[in-house]
Each structure stands twice: as structure tokens, then as C-alpha cells.
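Engineer: below are the sequence and a predicted model; questions follow.
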Amino acid sequence: MSEPAATRPNPCAICGKPVVEQFKPFCCKRCADVDLNRWLSGVYAVPVVEEEDEDGAKTEDAPDTKGR
């Protein structure tokens, strides 16, 4: 029989091989570096939603008027 899902280790996030504790959640330094490169090159991106005022107009950053 197979192991229960709670005790089965997750596969490497890049290649699917078993995870190595030293490189968790990856199996090796290479997969960790591949993931880092994807973040740095913009392959992964967090979506941004621009905020709007109550009237539907987009908000702009107010100019800094402190101390003037």
C-alpha cells in the first residue's frame, strides 16, 4: 500500500524529484537557482490591482508637502 498523504514528502517545485532537506522545497541547488532566476527575470509576478476612489477615479500619490 502507499503511504498516507500526510507523511509523503512533496516533490521538488521545479523538476518533481524528491525534496532534499538542505534545499527545501527543491531537490538540489540547481533547481533552487532556476527558481531564483525565474523570480529575478520576471517570469513570476505578483498581480497588482490599482486602487480607485469612491467615484471610480484612480488614486495618485499626493505630493509631499510636509515641512514646506
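Structural biologist: It's in. Residues are numbered from 1 along each chain as shown.
Engineer: show me the shaky parts of the protein.
Structural biologist: For the chain, the stretches flagged by pLDDT under 70 are 1-8, 56-68.
Engineer: go with 80
Structural biologist: Flagging of the chain using pLDDT under 80 yields the residue ranges 1-9, 51-68.
Engineer: ranges for the helices of it?
Structural biologist: 29-40 (DSSP state H).
Engineer: what about the nearest residue to residue 29 once chain neighbours are set aside, how many residues nearby?
Structural biologist: Closest residue to residue 29 in three dimensions, ignoring its sequence neighbours and counting by Cβ to Cβ, 6 or more residues apart in numbering: residue 23, at 6.1 Å. The way it works is simple: take the backbone N, C-alpha and C, and place the C-beta from them, glycine included. Here the count is done by other Cβ atoms under 10 Å, and residue 23 has 15 residues near it.
Engineer: one more: residue 26?
Structural biologist: Using other Cβ under 10 Å: residue 26 sits among 21 other residues.
Engineer: so what's it closest to, chain neighbours aside?
Structural biologist: Of all residues not flanking residue 26 in the chain, residue 32 sits nearest, at 4.5 Å (Cβ to Cβ, 6+ apart).
Engineer: and what of residue 38?
Structural biologist: Excluding the flanking residues, the one nearest residue 38 by Cβ to Cβ, 6+ apart is residue 44, at 5.4 Å.
Engineer: was I right about the one you found contacting residue 36?
Structural biologist: No. Using Cβ atoms under 8 Å as the test, residue 44 is too far from residue 36 to be in contact (10.2 Å).
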